[in-house]
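Q: Sequence plus the predicted model coming up.
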Amino acid sequence: MESSNEEEVASDEDDAHQATVKAEEIGFTPPSKLSRTPKGEDPDGSNNILAGRLCGGLMHQDLVKSERETGPKRSNGMMDEGQARFWGPAPSVSPSSLMDTCGLSMSSLSSFSSNHLHPSLSPSSSPSSSSVFSLTPPLPPSVELPAVLTDTRLTLDVYQGGAAALPLIWRSVPDQLIGIKYLRLGSEDETGLDGALEVLPHLTELRSLAIRASLLSLRELVVYSNNLHLIPHCLDSLPLLKIDARDNPLGQPPAPPPLPPTSEKAETKIPELHLGFNQHSFCVSSAGCHVFLPGGAELLFPPGCLLTTTRLEWAEKRPERKWVWLEEHDILLSRSLELRPHGTAFLKPVDVCVPYHRAKRREVVVRRFDGQSWSTLPTTLRRGSEGHSSHPSGHPARLACCAVNQFSWFMVVSRPVKDSCCLTPAGALLVSSSDPGIKLHFPPHSTAQTCNITLQVLHVSVSEVQTLCGDNQTSVSPLLCLSQTPTTDFLQRIKVQIPLPSGITGHTVDMSCLHLLHGDPAAQTWTDITSQVSLYVTHLYAIFYITHFSWYWLWYTTKTCVSGVVRKVYHKLKRFKVQFLVLQRKTDRSQVMLQCLPSNKVDDRVKSLLEKYDGPLPSDLCDLLEGEQFFAGFERGLDISTERPDCVGGRLCFVFYSSLKNLKEVYICPAQGHQGPVRGQVSFYRGEIPDNLPEEVAIKRKGHNNQWLATLPLKLPALNSENTFVMGDLQLPPLNLGDPESGYLTESNLLSISLQIGQDWRVIGINLGLSYQELDRIQYKHRDNLGALVLEMLFHWARGQRNAGPGTVTRLVTAMIDSDRRDLADEIEDIVNIGRRKYSESLRRVGLEGESSSPAGTPQ
């Protein structure tokens, strides 16, 4: 018997390698699939006898421990002869000897525990007896329950035959065992493992399961779809083992862990660059840069995106047709932003953020033009930086951001929310993100090849439809725009679910009034296909089946000839109700502002312009499409002063975009041959500027009558014969610029100063705080008269200083110094000192030197 045990111990040393498979990582293999050593490989029964000796010794130690605590105990007052003969003297058993023993028969342990255990360890023991529950056998007597069982973890794999202990623990302390999350077992016997697996369904919180077994008896190891870079040699050398290691990076070096950020990198901050309206180029180095463009746009160059310092440029394009591409139902939300040089490649993606106007219930995307075609880029939306606001109220701009590797043209558009999926022969289900009640069900074998499906939902105002068709009982559902790539008919019918029109339910619907319309986007036609499809309704939804994609619209109406009504209503829904504005600047009647806005924005716009502009009332309502071209013609003795790229023969070209300003300012003059005041008009026409317009028509009207939209009157006063700046035109009271502390300047003082400024007028104007737009307007107005230009600049600044408080003259002196005109600063100080001395002398003459009255003027 001892020689047999020695052979088993030697065999176990050869089988020391073990495999642990975690359910969290590679999945749990059911016991029926585990390869085990077949039964009956213990012909001499040595394992059963050894198990009996071990259990007897362990039980003896447990009885000795119990006698120390409570005194000697006997069952029925004595031990029978068979038990005494079986137990024999108590051997000394250590955990190491138990670990070195292999092939422990769990069937013998189970039968022994059920027939020979002390009554205090039986499953039917009282709760008081469970408090002294012992794990012996099969675990060593020195191991108590808290050593292997914590709140969430039970560890039994370090003990031979550990799986057989799990049923004993479950019968004794199920309340403690039911909450474990991590379980490790050790078993080489099928009976012990089966008993442990019967307990697993009760462990509802279990997350991880590890099972130890002898590797020599292992037939299959499944470790696919993991992060295994190398199969250990001890596993690869097993002759009977089949390893399934699919989808593992075998042979590849493991990725090194990320380096912790150093203090220098953590403190690195990308430099910022804020550009002005006249700064259209900038330099970016390898350190990166965060560039803020006028109007709210931002460019983020990460460190390392360029190897050397590179000069880049930006420009904002007017929304002309060649710079804009819109699909059906798209709305332009920004101007085109051009970044140059085109095709400049970056080593890292550069974030381009374009400001846009708000869009409700629509998807906002960035589109890029590469010189040949437009493409839609993945877009993220965010607010601009707090310190770089483009709004008068101070709120950061809304930004649509995309990551690009090359410079090109960029613009922001809004479109109906687009949902897409990849359809395979297995079928699919596509649900609209804007309206979850809209679903497309694709049964299996709907297509023979993989195709891309796109769903767009256009929400339509029911009240607007009722107004356009003149029927208060009409109601419509959202408009479905379905498309696929490639465009082929489906092999199976596609189930489409759509909400019933507003106010209609399955209990109240009259099926004779329910119409399904099919739209052809190319021909812009609508056809009633209700009788051609299988259409039925539930309580809230309408369901129909189709075999090809297009536009579909569900109508509920009592009108006849539904197709014609829908076609007219759809064309009207695409158009915007707009009004035209023609206003003149109060201080310069030759400067005219023309604007086209949606009717709901006109009143607020007029109120904001009343302080600087006046003119006729807005025009009547007109209809324009998004992106439609129109032009304005100055008629009846009016013409535009200079030639512009967007102006030909007095006709100014526009393109309407509902979310943009659609605004242009021009300078007008009397047409050739007209003298004195002019009572003219501005007319707006649909379409492009007409070519070869007859002379007799051009005199009266600069456009075709059938394209006419609106006409507004416009008056131009007579010009001064000298065409020079006249002080009286400023309509200013006598100027007393300054305060008693810093002194005063009069009109004659500013006139003498202006004669010495010359070409430095723009730099001085900037240092005085005038905007670039104001300086450009002054320059255009007096482009042929430098003296009038400089004087207009000074008086424009002086008008803004009326309520600026003390220090006006000091600000003028500082601006001259900052402009490197110290000579003018000294002259202004001399003028002020002379005026202050004369004023003091006059006070002494009248005896008022001690009084603190403010003079009405400064005598010269």
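A: Here it is on my side, so go on. Residues are numbered from 1 along each chain as shown.

Q: Which of the three states applies to the residue lying closest to Leu775 once chain neighbours are set aside?
A: Spatially, and ignoring its direct neighbours in sequence, Leu775 is nearest to Gly765 (5.1 Å; Cβ to Cβ, 6 or more residues apart in numbering). C-beta coordinates here come from the backbone N, C-alpha and C atoms, glycine included. The three-state label given to Gly765 by DSSP: H, G, I helix; E, B strand; the rest coil is helix.

Q: got the contact list for the nearest residue to Asn767 once chain neighbours are set aside?
A: Sequence neighbours aside, Ala815 is the residue nearest to Asn767 in space, at 4.0 Å (criterion: Cβ to Cβ, 6+ apart). By Cβ atoms under 8 Å, 6 or more residues apart in numbering, the contact set of Ala815 is Ile764, Asn767, Leu768.

Q: tell me which of those is nearest to Glu144?
A: The closest of the contacts of Ala815 to Glu144 turns out to be Asn767 (Cβ to Cβ; 87.4 Å).

Q: give the contact list for that closest one.
A: Per Cβ under 8 Å, 6+ apart, neighbours of Asn767: Thr814, Ala815, Asp818, Ser819.

Q: what's the answer for Leu789, then?
A: Trp761, Ile778, Gln779, Lys781, His782, Arg783.

Q: Now with 10 Å, please.
A: Phe725, Ser754, Ile757, Trp761, Arg762, Leu775, Ile778, Gln779, Tyr780, Lys781, His782, Arg783 (Cβ atoms under 10 Å, 6 or more residues apart in numbering).

Q: mind listing which of the residues you listed are in helices?
A: Ser754, Trp761, Arg762, Leu775, Ile778, Gln779, Tyr780, Lys781 (DSSP state H).

Q: Just give me the neighbour total for the fourth one.
A: Other residues near Leu775 number 19, with proximity taken as other Cβ atoms under 10 Å.

Q: repeat for the third one
A: In terms of burial, Arg762 registers 20 neighbours under the definition other Cβ under 10 Å.

Q: Excluding chain neighbours, give the residue nearest to it in space.
A: According to Cβ to Cβ, 6+ apart, the nearest residue to Arg762 is Leu775 (5.8 Å).

Q: And that neighbour, how far from Leu824?
A: 18 Å (Cβ to Cβ, to the nearest Å).

Q: Now do the strands in the stretch 501-650 of the chain.
A: 514-520, 525-528, 535-537, 541-546, 551-556, 575-585, 588-598, 613-614, 622-625, 629-635, 638-640, 647-648 (DSSP state E, counting those that start in this stretch).

Q: ok so, going back, just the element for the residue nearest to Asn767, please.
A: With secondary structure defined by DSSP states H and E, Ala815 is part of helix 808-818.

Q: what mean pLDDT would you report for that helix?
A: Helix 808-818 shows a mean pLDDT of 85.

Q: how distant is it from the center of its chain?
A: Distance of helix 808-818 from the chain centroid (Cα atoms, centre = their mean, to the nearest Å) equals 48 Å.

Q: Over to stretch 329-345?
A: 19 Å.

Q: Pull up the distance across it, start to finish.
A: Start and end residues of stretch 329-345 are separated by 33 Å (Cα to Cα, to the nearest Å).

Q: highest average neighbour count across the strands of the stretch 501-650 of the chain?
A: A comparison of the strands of the stretch 501-650 of the chain by mean neighbour count, using mean count of other Cβ atoms under 10 Å, puts strand 629-635 on top with a mean of 24.

Q: For the helix holding Ala815, buried residues please.
A: Applying a neighbour-count criterion of 16 or more other Cβ atoms under 10 Å, the buried positions in helix 808-818 are Thr808, Val809, Thr810, Arg811, Leu812, Val813, Ala815, Met816.

Q: Give me the spatial nearest neighbour of Trp708, chain neighbours excluded.
A: Nearest one to Trp708, counting by Cβ to Cβ, 6+ apart, is Tyr685 at 5.7 Å.

Q: Tell me the spacing between the one you found and Leu156.
A: 90 Å.

Q: if we can go back for a sec, flag the least confident of the contacts of Leu789.
A: Phe725 (32).

Q: Confirm for me that the residue nearest to Arg762 is in contact with Trp761.
A: Yes: contact criterion Cβ atoms under 10 Å: Leu775 and Trp761 qualify, at 8.3 Å.

Q: Show me whatever sits in contact with both of these two.
A: Common neighbours of Leu775 and Trp761 (Cβ under 10 Å, 6+ apart) are Leu789, Met793.

Q: how many neighbours does Leu339 have?
A: Leu339, neighbours per other Cβ under 10 Å, totals 21.

Q: So what pairs up with it in the strands?
A: Per DSSP bridges, the residues bridged to Leu339 are Trp314.

Q: State the pLDDT value of it.
A: pLDDT, Leu339: 91.

Q: cool, Trp551 as well?
A: pLDDT, Trp551: 93.

Q: in the sheet, who's paired with the residue nearest to it when sequence neighbours are not counted?
A: Leaving aside its chain neighbours, Trp551 sits nearest to Gly519 (3.3 Å; criterion: Cβ to Cβ, 6+ apart). Legend: beta-bridge partners of Gly519 under DSSP bridges are Trp526, Trp551.

Q: Isn't Gly519 up against Phe549?
A: No: between Gly519 and Phe549 there is no contact under Cβ under 10 Å: 11.2 Å.
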